[in-house]
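**Q** Following is a predicted model, sequence given first.
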Amino acid sequence: MNPLLLVATREFRQIIATRSFWITLLILPAALIATQFAARFIAKPVGSAYVLVDESGRYAPAIEQRLQLIHDRQVLTELAAYAARWGIRPQGAWAAGSHGVSEAEIAGFEATGGVAGAEAQIGRVKPKDAPDFRPSPPEFIALPPPAGVITDQGPARFGATLAPHQKGEVATAFGSRPLTLGVYIPADLGGAGGPIRMFTNGRADAELIEQVRGAVSQVLRVQSLRASGIDLAALAKAESVSAPISVSAPPGGSGRDSLALRSALPLAIAYVLMIAIVISGAWLLQSLLEERSNKLLEAVLACVTPEDLLFGKLLGVFGVTILMVAVWTAGAAVAAFAFHGVIAQMVKPALGLLSSPWIPFAIAYYFLAGYLCMAMLYLAVGSVSENMRDAQGYLTPMIVGITLPFVLVVNAVLRNPDGLLPRVLSWIPFYSPFAMLARLGSGVSPWEVAGSGAVLAAFVALEMVAIGRLFRANLLRAGQGMRLRDLPRLLRPQSA
Amino acid sequence: MKRFGGFTAVDDLSFEVPEGGIFGFLGANGAGKTTSLRMALDILRPTSGAISVLDRAPGLKGSGEIGFLPEERGLYRQLTAVETVTYFGRLKGMALAPARSAARALIDRFGLTAFADETVEKLSKGMAQKVQLAAALVTEPRLLILDEPFAGLDPVNQAMLEEVVLERARSGATIVFSTHVMQHAERLCDRLILIARGRKVFQGDQAQARAQLPTRLTITAQKAPRGLPGVAEVRSLGPAGEGWTDYELALAPGASAADLLQACTSDGFPLRRFETRQASLHEVFLHVVGEAEAEPQ
């Protein structure tokens, strides 16, 4: 076997035999799976229940209608997001995307079957791998007075008998919820009956209180207007007027949501690339310093060239990194597809990017070249350090040097993938892997990928030559710190 | 020649090691021994000059024919003893099965059978040193280069190493070892080279080395042996009783003790004792290297 491969194999075996490797390897999938479990079993449902006693019966319909309107508006927004995510072009009030929905539109939505009608329409046109649409439960759930709650002896008695039920959760049609509010509206509201009495559990939703107040106020206003002799039919007509709105979505999935969706995979790979570099960089350093620390450098150099030793170590650590990324990917896939959670909904449409024949190659290339480009920095530090203590001094600036381009590039790309800054950064080697990965989802041209890739390849080749020479020159300089002014001489060939 | 920046570590050093036998590479600390050996192994490249090892330029081609035990010795702590020796065998071009088989044989030979599959970090220092030696020998090299091989070894392991060196030499291998401990060189070396400040100050066999110092004798005579042929120095050691006195003599370069004894006999110079004492390698080293070190640079 080639000495380089022998070195790589030994490095690979040595790293995967360490406990820290297994902890690193398993921590991310474990966290993903735990998150999904937590989301499923631990997360508390939102929303709360309320009990309404309306002695006159004049206000309850208005309150219920108002709260139903809030829920319908929420469902329509969710339907619009669902349609955009899965590329469904529906007919109806939720077709125009997520924007402010008027009461008239909501009425129209209800008239065409509401959620059930929308689900029937979705069922006919949705992609096979798209999950069923599941509307969120209402945020405020009306409950009849629980058994034992006295509603016909005034508000004080109502509040007192309701209080025990407000200590825990109560059963609703959507599962258990806290009973946060009891509302008692006397028959002679504002007169002898006094004000609306509200009994909270101490954590009542301010919006619910505000909606109740608003609905009752509206009824009272109408009563007042009627008493003033105003034509109620004209008033109702005037109230139904809504400003016409036409919302135009960007064509061909170029909207921000679609861009984020298509960029999810390459961006995730850019993240993984950065994490992989930082984690495996520590292994590279330890590996590179091992022979020197253990005083076996000479014995090894009598058997292999410095270049075989250097790049064998790089290959071995890269192999470990690929194994780690593969396990993470598998873990993420299991978490996503087994739990059908939010991740699954993100991952499935994001994979659509891979349908372009050259994109998978571009992603693989930029991952590999980006890894090599950054890993060379660790090799350079390892080459000029005698031990980990020496190397620690270089690590902080180096990690900042690696993460800064990443943060800068990803932010710039997400703001405007075709802006000047992302396009310029795509040609600068330390930035280009992240920039190109981040931009792949926005439709970057193949020639730009090829050109930037060629520049990156040339740079990595130069790095390999330079660091090979640096490593050779510094191999046996025990106790002799490297000075910056020595660098040009050390980078010359045959300087050992 | 080898320079490190402005420092000349090896200067105008030329020598040839005959095939077979044990060749001592002797010099004080910092004399340039390790640098010279590193150049022979292509770990370092000479600043100028040419090197030929086993009839070719230094390099990894045919590295299996060369075994090397460096002065600084370490091992991969997570590998077992057998894995370590096998790994070095494979790095030198052996296939896996022969390398593993040779490793097992050497581990057995050095009495480490019970520890063959223990990781190096669990071995004692002495055991680890044996594993290092096994790694150097795994390919049964034609040329074995040992840099300060006895440094750090206890007397038992020193004896074991001497035995291995002699055994390899008897089987036809060439051994080159560097040391500054002359007792080892005296016991093992057929030929040797002495270097000081990176320069060769002597090359030859042990007899030639000893001839660098005048032959010394101790005699017991009735009068001072001044004027006898070949005597360069006379020092009285004190009375030996009954009118006899002990003297220490140093002969002039080229003079022999046998000639002096013959002169004493033919001249009727009475003697009760006539003992010759050859210079030790240690004395030669101090004399030759000391002079070279004393020279202004």
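**A** Perfect, I can see it now. Quick caveat: nothing in here was measured; it's all calculated off a predicted structure.
**Q** Secondary structure class of residue 220, three-state.
**A** With no chain named, the answer covers chain A. helix (DSSP: H, G, I helix; E, B strand; the rest coil).
**Q** I was after chain B.
**A** strand.
**Q** That one touches B:Leu271, doesn't it?
**A** Yes. Taking contacts as C-beta atoms under 8 Å, B:Thr220 lies within contact range of B:Leu271: 6.8 Å. C-beta here means a position set from N, CA and C on the backbone, and glycine is covered the same way.
**Q** Looking at those two, which is more packed in?
**A** B:Thr220 (18 against 14; other C-beta atoms under 10 Å in any protein chain shown).
**Q** Roughly how far does the more buried one sit from B:Gln262?
**A** 18 Å (C-beta to C-beta, to the nearest Å).
**Q** quick one: stretch A:196-206 to chain centroid distance?
**A** 35 Å (C-alpha atoms, centre = their mean, to the nearest Å).
**Q** Stretch A:450-464 now?
**A** Stretch A:450-464 sits 32 Å away from the centroid of its parent chain (C-alpha atoms, centre = their mean).
**Q** neighbouring contacts of that stretch?
**A** Contacts of stretch A:450-464 from elsewhere in the structure, counted by C-beta atoms under 8 Å, 6 or more residues apart in numbering or on different chains, are A:311, A:362, A:365-366, A:369-370, A:372-373, A:376, A:426-427, A:429, A:432-433, A:435-436.
**Q** in it, what's buried?
**A** Neighbour-count burial for stretch A:450-464 flags A:Ser452, A:Gly453, A:Leu456, A:Ala457, A:Phe459, A:Val460, A:Glu463, A:Met464 (criterion: 16 or more other C-beta atoms under 10 Å in any protein chain shown).
**Q** ok, those residues vs B:Arg3, which is closest?
**A** Using C-beta to C-beta, A:Met464 comes nearest to B:Arg3 of those, at 27.6 Å.
**Q** Are we agreed that the closest one is in a strand?
**A** No. Counting by three-state DSSP, A:Met464 is not part of a strand but helix.
**Q** how far away is it from chain B?
**A** 19 Å (C-beta to the nearest C-beta, to the nearest Å).
**Q** any idea of the pLDDT on that residue?
**A** The model reports A:Met464 with a pLDDT of 91.
**Q** Contacts only, for the residue in the stretch 101-250 of chain B that chain A sits nearest to.
**A** Residue of the stretch 101-250 of chain B nearest chain A, by C-beta to the nearest C-beta: B:Ala135 (6.8 Å). Residues in contact with B:Ala135 (C-beta under 8 Å, 6+ apart) are A:Ala299, B:Leu75, B:Thr84, B:Val85, B:Phe88, B:Gly89.
**Q** which of those has the most neighbours?
**A** Going by other C-beta under 10 Å, B:Val85 tops the contacts of B:Ala135 with 31 neighbours.
**Q** Below-threshold pLDDT in chain B: ranges please.
**A** B:292-297 (pLDDT under 70).
**Q** just the strands in it please.
**A** Remark: strands assigned in chain B by DSSP state E are B:2-4, B:7-10, B:21-27, B:66-69, B:143-147, B:174-179, B:191-196, B:199-205, B:216-221, B:231-241, B:244-251, B:271-277.
**Q** Take the fifth one, keep the C-alpha atoms, and write them as PDB.
**A** So the one you mean is strand B:143-147. Output of strand B:143-147 as PDB, limited to C-alpha atoms (Å, rounded to 0.1, in the frame of the first residue of the first chain):
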ATOM      1  CA  LEU B 143      22.300  -1.300   6.800                       C
ATOM      2  CA  LEU B 144      21.300  -0.500  10.300                       C
ATOM      3  CA  ILE B 145      21.800   3.100  11.500                       C
ATOM      4  CA  LEU B 146      21.700   3.600  15.200                       C
ATOM      5  CA  ASP B 147      21.800   7.100  16.600                       C
END
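**Q** Compute the inter-axis angle for that strand and strand B:174-179.
**A** 10 degrees (axes from the mean of the first three to the mean of the last three C-alpha atoms, to 10 degrees).
**Q** Determine the set of other helices and strands touching strand B:143-147.
**A** For strand B:143-147, the contact count by 3 or more C-beta pairs under 8 Å, 6 or more residues apart in numbering or on different chains; DSSP states H and E identifies helix B:33-40, strand B:66-69, helix B:125-137, helix B:155-170, strand B:174-179 as packing neighbours.
**Q** And that strand, how far out from the chain middle?
**A** 11 Å.
**Q** Give me the contact list for it.
**A** A:298, B:33-34, B:37, B:40-41, B:53-54, B:65-71, B:136-137, B:165, B:168, B:173-178.
**Q** Distance to A:Asn416 for the helices and strands packed on strand B:143-147 - can I get that in JSON lines?
**A** Conversion of the helices and strands packed on strand B:143-147 to JSON lines gives the following (distance: least, C-beta to C-beta, whole Å):
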{"stretch": "helix B:33-40", "distance to A:Asn416": "57"}
{"stretch": "strand B:66-69", "distance to A:Asn416": "60"}
{"stretch": "helix B:125-137", "distance to A:Asn416": "59"}
{"stretch": "helix B:155-170", "distance to A:Asn416": "71"}
{"stretch": "strand B:174-179", "distance to A:Asn416": "67"}
